[in-house]
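**Student:** sharing a model prediction with you, sequence too.
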Amino acid sequence: QVQLVESGGGLVQPGGSLRLSCAASGFTFSSYAMRWYRQAPGKERERVAYISNASASTNYADSVKGRFTISRDNTKNTLYLQMNSLKPGDTAVYYCLVYLELAPTWGQGTQVTVSS
């Protein structure tokens, strides 16, 4: 079955970096665009970044532009999110998402906490 498994979250100080991974299985990863979302406590889930199936196109939320980089390795069926210059406002659960036949499939999420 289709599965997305995020990893790489944790506690980091402001200004630090983390790299999140999303391991995909159960579908042809290289055929689908992928997205990262996040949800902070008490807030709605928001889209963080998008990447097309062959990495030709990416875009970012204004709040992370210039600090976060989305990438993928289609040989490893893995999506990444490199997060630099982290701020307390980046604290959230981060999810990867794929739309298969217009239906969203979410991972279980990984917690990122930015605090001193």
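**Tutor:** That came through, no problem.
**Student:** what's Thr69 in contact with, if anything?
**Tutor:** Leu81, Gln82, Asn84 (CB atoms under 8 Å, 6 or more residues apart in numbering). All C-beta spots, glycine's among them, are computed from the backbone N, C-alpha and C.
**Student:** out of those residues, which end up buried?
**Tutor:** By neighbour count, with 16 or more other CB atoms under 10 Å, the contacts of Thr69 hold Leu81 as buried.
**Student:** and of the contacts of Thr69, the nearest to Val12?
**Tutor:** Checking these against Val12 with CB to CB, the nearest one is Asn84 at 10.5 Å.
**Student:** next one: that closest one from Asp90, what distance?
**Tutor:** According to CB to CB, to the nearest Å, Asn84 stands 10 Å off from Asp90.
**Student:** likewise Val12?
**Tutor:** On the measure of CB to CB, Val12 and Asp90 end up 9 Å apart.
**Student:** compare these two (neighbour count), which wins?
**Tutor:** Asp90 (22 against 18; other CB atoms under 10 Å).
**Student:** list the contacts of the more buried one.
**Tutor:** Asp90 makes contact with Arg38, Val64, Met83, Val112, Val114, according to CB under 8 Å, 6+ apart.
**Student:** bridge partners for the residue nearest the centre of the chain, pull those for me.
**Tutor:** Central residue of the chain (CA atoms, centre = their mean): Trp36, 3.1 Å from the mean position. Under the criterion DSSP bridges, Trp36 forms beta bridges with Ala49, Cys96.
**Student:** wait, isn't it in contact with Tyr94?
**Tutor:** Yes. Counting by CB atoms under 8 Å, Tyr94 is a contact partner of Trp36 at 6.2 Å.
**Student:** and for these two, which residues touch both?
**Tutor:** Going by CB under 8 Å, 6+ apart, residues that sit against Trp36 and also against Tyr94 are Leu20, Val48, Leu81.
**Student:** identify, from these, the entry nearest to Leu102.
**Tutor:** For these, the minimum distance to Leu102 (CB to CB) is 21.0 Å, reached by Val48.
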